Each structure stands twice: as C-alpha cells, then as structure tokens.
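Enquirer: Structure for this input, please:
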Amino acid sequence: MMVYSNIFASGAGASRRGRRAQERRVDPSKASLVMDTNRRVRFWRGAGAVALAVAGAIALVPAPATAQAPAQPGDALTQIVPGQSMAAIALGDRIERVLTRFGTPSEVRDTGREQVFVFGRFGISVYSRDGAVVAASTTNSLLRTTNGLTIGSPVEDVTRAHGAGGAEVLVEGLRGLAYPLRGIAFGLDRASIAVILVFRPQATVEAPGLQAAPPAPVAPRYPDMSGVQPFRPESNYMSLAGYLRWLVFQEVNAWITVAEAARILREQLATKR
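Expert: Next comes the predicted model:
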C-alpha cells in the first residue's frame, strides 16, 4: 500500500520526496561527483549574475572621448591645400574634368592669359591656361584651409598661421595678403577673409587672380589757415572752415566735412601759439 501511494502521489510534495529518495539511492562512489557538480552549477549561476551586474554598470559609465578620426577622402571636397588643391580641384587638372563635375559655369571670363570659369552656385572660380587648372579661388565659407582658415576668419588668424611677411596685393580686386612660396593668398574685407586663392608656389606674386597693390593713399596736405581772416576778400568772404573746405575741394575734388575742417583749424591754430 505504501508503494502504491508513492507511485501515484502527485504535487510538489511528492516531487520533493521523489528527489530525496533518488538522492538516497545514489551510488556512494558517485555521491561526491554529484555534490561537486551541484556546487559548480551554483557557482557559475552566481558568477553569471555578477558578470551581468558588472556589464550593466559598465554600460552606464559614459564612454571616454575618443581621438578624432583621421581625415576621410570626403574631407578633400571641403579642403583647401595651399599650392595644391581646392575642393578636390587639383592644380594641373584638365578643365574638362572640372566642367564634368561642376557643370556649366555661370560665367566665363578671358583675362588675356587665362580663362576664368565662375561657378557662382558653389562660390568657386577656376583659372585655366591651355586647358589646365593653374589657380582656383573661393568665397564659400564651407571650404577651409588645412589650418582652419575660412571665409570670415580675421586677418590676425592669417598672420598667425602663415606669418606677418605676406605681400600686400590685390586678390581678385580686394586688398589682401599673398604668400607666394606657399601658393595661397587672402583677399580681405574689413579685416576679415573675403576670398581665398590657391596657385602654384613661386617666388613672385605674379599669379592668376593677383595684382600689385596700389600705394596707400597719402593724406592731403591742408593749406595753412592760421594767417587768414574770415569774411574778407582773402577768404572769399567765407568762414575759415568754409574757405578751407572750398580749397580742399579745388585740390582733390572731394568735400571734407565741417567737423573735419574745424579739427584741422584747431590743430593749425594750436601749433602757432
């Protein structure tokens, strides 16, 4: 009857009793092996829980900042390399290749020595001589030199990157600085870069897009008014400021302001005292 009840018993209690009975029937020679296996299972279960906890903690820790990735080939599309290339247009490339890439130019100019292909949509101009690219310029702020200069950068950044020995020139009509040995020039507007020109390195500044800068205007020498009496024939019956303005206009065909005339008179009278 006891056997019958053990065979047909059901539920958790019976299951536990069955396992205990099975454990009691284990061969004594194998008992240590069973116990050792049970210990290993419990150990690895615990170790797995610890590993999961550690992995979770690591995932929550912010990843350290990685070093900047090396320049990819795509970076060349926005890079200006002095004396070599601009926007992946290499000096020496055939102009046909440039036209295939950029399409129909918005304007083509003939300077007598070169043809200038203006791609206004991209802010890029390409100078071609005998079918080969000899220079390129840009007004596009997306393009940068290898040391970070771009349209809008202050002139101080130019001299910091290339030195204070730049030649004063006109870069596509703008006063600027050229570094002929490096093959780059910067046209400036209000002390900021307005255009960047790349050409082959050379000893002189006679490159496409460059012209010698005219001499700086000399300040006019104003007539001495210290001995002139106002509202007399000698002053054309004008005030001293009015007469001075009239004399300057006769000389340079431009009017100085009343405030400027008053300042000049004060300085002249102060030196006579």
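Enquirer: C-alpha only now, for contacts and for neighbours.
Expert: Will do.
Enquirer: pretty sure Arg182 contacts Pro201?
Expert: Yes: counting by C-alpha atoms under 8 Å, Arg182 does reach Pro201; the two are 5.2 Å apart.
Enquirer: shared neighbours of the two, which are they?
Expert: Counting by C-alpha atoms under 8 Å, 6 or more residues apart in numbering, the contacts common to Arg182 and Pro201 are Gly83.
Enquirer: residues contacting Ala135?
Expert: Neighbour list for Ala135: 91, 126-128, 197-200, 208-209 [criterion: C-alpha under 8 Å, 6+ apart].
Enquirer: Which residue is the nearest non-sequential neighbour of Glu114?
Expert: Counting by C-alpha to C-alpha, 6 or more residues apart in numbering, Arg129 is the residue found nearest to Glu114 once chain neighbours are left out, at 4.9 Å.
Enquirer: List the contacts of that neighbour.
Expert: By C-alpha under 8 Å, 6+ apart, the neighbours of Arg129 are 113-115.
Enquirer: all strands of the stretch 1-150 of the chain, in order?
Expert: With strands called from DSSP state E, counting those that start in this stretch, the stretch 1-150 of the chain shows them at 79-81, 85-86, 89-90, 107-110, 115-119, 124-129, 132-138, 144-145.
Enquirer: that older thread, which single one of the contacts of Ala135 is nearest to Ser141?
Expert: Set against Ser141, the nearest of the contacts of Ala135 by C-alpha to C-alpha is Leu197 (13.2 Å).
Enquirer: Please settle this for me: is the closest one part of a helix?
Expert: No: Leu197 is assigned strand when assessed by DSSP: H, G, I helix; E, B strand; the rest coil, not a helix.
Enquirer: How about the contacts made by it?
Expert: For Leu197, the contacting residues are 135-138, 171, 184-186, 209, by C-alpha under 8 Å, 6+ apart.
Enquirer: separation between it and Ala135?
Expert: According to C-alpha to C-alpha, to the nearest Å, Leu197 and Ala135 sit 7 Å apart.
Enquirer: element containing the nearest residue to Ser141 once chain neighbours are set aside?
Expert: Leaving aside its sequence neighbours, Ser141 sits nearest to Ile151 (C-alpha to C-alpha, 6+ apart; 4.8 Å). Secondary structure from DSSP states H and E places Ile151 outside every helix and strand.
Enquirer: doesn't Thr139 make contact with Ile151?
Expert: Yes: using C-alpha under 8 Å, Ile151 is in contact with Thr139, at 6.4 Å.
Enquirer: The stretch 151-273 of the chain: helices as residue ranges?
Expert: Using DSSP state H, counting those that start in this stretch, the helices of the stretch 151-273 of the chain run over 155-162, 240-252, 258-272.
Enquirer: In CSV: these, plus mean neighbour count and distance to Ala76.
Expert: Shown next, in CSV, are the helices of the stretch 151-273 of the chain (neighbours: other C-alpha atoms under 10 Å; distance: least, C-alpha to C-alpha, whole Å):
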stretch, mean neighbour count, distance to Ala76
helix 155-162, 15, 20
helix 240-252, 17, 50
helix 258-272, 13, 52
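Enquirer: a markdown table for those helices, including mean pLDDT and distance to Val98?
Expert: Shown next, in a markdown table, are these (pLDDT from 0 to 100; distance: least, C-alpha to C-alpha, whole Å):
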| stretch | mean pLDDT | distance to Val98 |
| --- | --- | --- |
| helix 155-162 | 95 | 28 |
| helix 240-252 | 90 | 48 |
| helix 258-272 | 86 | 53 |
